Each structure stands twice: as C-alpha cells, then as structure tokens.
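**Student:** based on what follows, work out the 3D shape:
(one chain, ligands or ions: 2)
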Amino acid sequence: MPSDKVLVIGGGPGGLEATRCLADLGVGVVLVERRNALGGMPIQASYAALTHDFADAEEVMNKMIADIDNRSEVSMRLGQEVTACEGEAGNFSVTLTGSGNGSAEKVEAGSIIVSTGFDHFDPGRETQMYGYYEFDDVITIADAEKMLKADKFVRPSNGQAPERVCFIQCVGSRDRRLGNEYCSKVCCGIASKQSIEVRQKVPSAKVFIFYIDMRMYGFWEQEIYWPAQEKHRVNYIRGIVTEILKKGDRLIVRGEDTTMGRPMEVEMDIVVLSVGMEPSAGTKAVSKLLGISQDRFGFIETPHGSLDTVATSNPGIFVAGAAAGPKDLDDTISMAGAAAAKAAAFVRRGVGAGV
Ligand SMILES: Cc1cc2nc3c(=O)[nH]c(=O)nc-3n(C[C@H](O)[C@H](O)[C@H](O)COP(=O)(O)OP(=O)(O)OC[C@H]3O[C@@H](n4cnc5c(N)ncnc54)[C@H](O)[C@@H]3O)c2cc1C
Ligand code: SF4
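**Tutor:** Ligands and ions are numbered 1, 2, ... in the order given. Prediction:
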C-alpha cells in the first residue's frame, strides 16, 4: 500500500518551508532534523541579521518554526538522522536513528524531500596564506555574524574597536587548486551586508572589500551593494590578496591592486574571509543512503534541466535549498515550495516523480 506521507530531511529554512507548504496542502509530513533544534545554519551558526530587512535571524527562523508547530499534519523527529532507506518511490521505508541514544524507528513515506544544507568552507584547508588559525584577528563571515549578533564587533586579539576592517572575497570558491571552481553566489552580498553593519556599529572604522569581481543581482545589487558604497562609504578594491602577515599588533594584507596594476600592502585590524559554501556532511551522507547522484563538488544533482529544478536522479526524491548548491534564502524558499508541490502531487496522484 503506497504511503501518502512525505519525509523531509533537514530542518533549516528549506526543510521548514517545504514542511509548511505540504501541511498547507493537507499532506502528512515527517520532518527529521539531526540536531536538537530547528532553524538550520542561521541558528546553528548564530547569524545576526538576515536580508531582506536586516531582520533578527532568530526572529525570522522562530516565525518559520511557529508556522509548522502544532500542525496536525506535521510530525517532528529532532536529534535523529536517516541511517537506511529501502523501497522505491511511493513506498520508501526509512530508518531514523537517534543521534545521541542510538534508538531506531522505521518511517514509511511515499516521497522524500532532502534539504540537508551546506557547511562553511574551512579556511584552514587552504594554504595558510590567510593565517586563519594563526592570527586571532583573521576571522570568517560566519565568525563576523556571531560578533555582530553579540553586538561586539571588536578585535578578537585585544577587545578594541577596529579602525580598519577588510573582507577578502572568494575564499574557498572559484579556486581550481582546491577543486571548488564554483561561485558560492551569496558571499559578495553577505560581505556587503556585513560591511554596512560594521559601519553602523563602528562608524569610525574604514571598511574595504577586496574582490576579483562582485557577483550580485536583483535585491543584493540594488538594496545592498549600491547603498554599501554610496551611503555607507564602503571601499571596493579590485585586487588579489596573496598573503597576510603580522606587523606589531596589526595585520598586513599583501597582494595586487588589479585595477591600478600595482602591488598593494595595507594595514588592517580585522580581516574577514568571505568563505564559500560546501555541501554539508549530511548532504553527502544522505545522498549516498538514498542513492541519489551528486555533482562533482558533492552537491545533489538535479539532472532534469531547467524545467524541473527539484527532482533528483531517483524518482520520488526531491531536493530543496543549499543541498543542491549555494543558495540565498530567496532561492532556498522558492525551491522548497516547488519541491513540496511536486512531492504532494506524487503522493496524491502518483504524478511528477521526476522521471
Ligand atoms: C555567513 C552567512 C550569512 C548568510 N546570510 C544570509 C542572508 O542574510 N540572507 C540570505 O538570503 N541568505 C543568507 N545566507 C544563506 C542562507 O544561510 C542559506 O540560504 C540557508 O541557510 C539555506 O537553507 P537550507 O535549509 O538549504 O540549509 P541549512 O540552513 O544548512 O539547513 C540544513 C539543515 O539540515 C540539517 N541536516 C543536515 N544533515 C542532516 C541529516 N543527515 N539528517 C537530518 N538533518 C540534517 C542541518 O542540521 C540543518 O538544520 C547566509 C549564508 C552565510 C554563509
Ligand atoms: S559570490 Fe562573490 S565572493 Fe562568493 S564566490 Fe562568488 S564572486 Fe566570490
């Protein structure tokens, strides 16, 4: 007997939106999240403010969680992971195992939505030219979110307000040596957003962004990039940073100003590395368990082209959000709605399985 339930794996923005849409359509959902809390990376990594309105990240995610809380259609499994999957589209039998206690449960589902998200690139994996693990004042955009959330954007080395802050773009992305040739899509916008926040919190600080080229469009360009330059006086410098060194209690950023075509050496108090997005460990593990194909970077493939952006290589299994590649919230939420519609159509009428 086919199951009319959908299993959603991952309780971040993508999984929460897919769950809400399915519940609104009257479809039963089992939502499984490996951590003991919902909200995905914005909660796990303590992000401060989210676009569009620089809204408090916790408030935004709590609103999404409230939208699925106590819904008769939704059954939640926190602190659990998928450890096995048998059967096929319409009749999946999935084993969930408690992350802490090892307890196991079988769940029957007609369709599955994978929304297991991303991890931040670890700058320690790169050659040590940025000195992330060497110098306290070299941080990542994820570290910057934590500091902005705590309303304490100060130099980690001495607790003082910074006078000069710079962002280095494309760390761990667009880098063939690392095997990450792809653009992480969000980090130009996020560095620009954080620059605005730094200028607001520490108005005396000068802020610079060193970029190869800035990649933004739509909202990010109109509402973040241009105001960052024109209203908040953030300095964008086209350049390549080759080395970060320590001089006294300051950092020296060395490289080339590629617009002027000359070497560059500037002092900074805080250097923020705009680390890219990589597939999460959960994304890689779940792909293998479900037998769905991944691209060469480990993100989940959507092999059916532009006309079906959520079906995976396995009928009845759909993907939403950053598990399928770097995404901002707008793209994650749109994809989750599409995945929910397809999964609902499949468990209700057996159509749209992605074959
Ligand atoms: C520093 C930074 C700031 C950002 N700020 C913004 C912003 O202001 N605006 C914006 O539009 N975007 C922003 N983004 C992007 C945004 O964070 C992502 O678009 C969003 O988090 C993607 O949601 P997701 O649900 O796909 O993945 P995630 O948020 O990664 O959630 C995935 C969830 O799946 C769970 N999971 C993983 N594996 C398993 C498993 N095996 N079993 C069960 N559960 C599992 C994880 O624990 C997690 O809860 C930012 C990104 C970064 C790096
Ligand atoms: S979004 Fe910007 S910083 Fe991020 S990888 Fe693409 S070009 Fe580089």
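**Student:** please count neighbours and contacts with C-alpha atoms only from this point.
**Tutor:** Fine.
**Student:** quick check: residues of the stretch 51-200 of the chain near ligand 2?
**Tutor:** 169-170, 173-174, 183-188 (C-alpha under 6 Å from any ligand atom).
**Student:** okay, and the residue nearest to Ile237 when sequence neighbours are not counted sits in which element?
**Tutor:** Of all residues not flanking Ile237 in the chain, Phe210 sits nearest, at 5.0 Å (C-alpha to C-alpha, 6 or more residues apart in numbering). Assigned by DSSP states H and E, Phe210 falls within strand 206-211.
**Student:** who does that strand pair up with?
**Tutor:** Partner strands and pairing direction for strand 206-211 (DSSP bridges) are strand 164-171 (parallel), strand 235-247 (parallel).
**Student:** rebuild the ones you listed as CSV, extending it with distance to ligand 1, mean neighbour count and mean pLDDT.
**Tutor:** Compiled in CSV, these are given as follows (distance: least, C-alpha to the nearest ligand atom, whole Å; neighbours: other C-alpha atoms under 10 Å; pLDDT from 0 to 100):
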stretch, distance to ligand 1, mean neighbour count, mean pLDDT
strand 164-171, 12, 23, 97
strand 235-247, 19, 17, 95
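**Student:** thinking again about what came up before, I figured the residue nearest to Ile237 hits Ile240, correct?
**Tutor:** Yes. With contact defined as C-alpha atoms under 8 Å, Phe210 reaches Ile240; the gap is 7.0 Å.
**Student:** mind checking pLDDT for the residue nearest to Ile237?
**Tutor:** Phe210 is assigned a pLDDT of 97 by the prediction.
**Student:** OK, contacts around it?
**Tutor:** The contact partners of Phe210, by C-alpha atoms under 8 Å, 6 or more residues apart in numbering, come to 166-169, 236-241.
**Student:** can you do 10 Å?
**Tutor:** 166-170, 235-241, 255-257 (C-alpha atoms under 10 Å, 6 or more residues apart in numbering).
**Student:** before we move on, what about Ala18?
**Tutor:** Residues in contact with Ala18 (C-alpha under 10 Å, 6+ apart) are 6, 8, 11-12, 24, 29, 31, 113-115, 319-321, 332-341, 343.
**Student:** distance check, it against Asp24.
**Tutor:** 10 Å (C-alpha to C-alpha, to the nearest Å).
**Student:** returning to that earlier point: mutual contacts of Phe210 and Ile240, please.
**Tutor:** 168-169, 255-257.
**Student:** nearest to Asn91 among those residues?
**Tutor:** Gln169 (45.3 Å; C-alpha to C-alpha).
**Student:** distance of the residue nearest to Thr242 when sequence neighbours are not counted from Glu181?
**Tutor:** Of all residues not flanking Thr242 in the chain, Gly255 sits nearest, at 4.9 Å (C-alpha to C-alpha, 6+ apart). Here Gly255 is placed at a distance of 21 Å from Glu181 (C-alpha to C-alpha).
**Student:** the two: which is more packed in?
**Tutor:** When Gly255 and Glu181 are compared for neighbours, Gly255 comes out ahead with 18 against 13, by other C-alpha atoms under 10 Å.
**Student:** in this structure the more buried one contacts Glu267, no?
**Tutor:** No. Using C-alpha atoms under 10 Å, Gly255 is not in contact with Glu267, being 12.0 Å away.
**Student:** now do the shared contacts for those two.
**Tutor:** With C-alpha under 10 Å, 6+ apart as the test, Gly255 and Glu267 both reach Ile244.
**Student:** chain center to stretch 160-172: distance?
**Tutor:** 20 Å (C-alpha atoms, centre = their mean, to the nearest Å).
**Student:** what residues are up against Cys187?
**Tutor:** So Cys187 contacts 141, 168-171, 173, 193, 214-216, 273-277, 326, 328 (C-alpha under 10 Å, 6+ apart).
**Student:** one more time with 8 Å, if that's ok
**Tutor:** 169-170, 274-276.
**Student:** nearest spatial neighbour of Leu22, skipping sequence neighbours?
**Tutor:** Ala340 (5.6 Å).
**Student:** Gly40 now?
**Tutor:** Nearest residue to Gly40, sequence neighbours excluded (C-alpha to C-alpha, 6+ apart): Gly12, at 3.4 Å.
**Student:** number of residues surrounding that neighbour?
**Tutor:** 27.
**Student:** wait, Glu265 sits on Leu251?
**Tutor:** No. Using C-alpha under 8 Å, Glu265 makes no contact with Leu251, being 10.2 Å away.
**Student:** tell me which of those two has more neighbours.
**Tutor:** Leu251 (20 against 15).
**Student:** that one: what secondary structure?
**Tutor:** Put simply, Leu251 is strand when judged by DSSP: H, G, I helix; E, B strand; the rest coil.
**Student:** could you give the bridge partners of it?
**Tutor:** In this entry, Leu251 is beta-bridged to Lys246, Met268, by DSSP bridges.
**Student:** okay then, goodbye and thanks.
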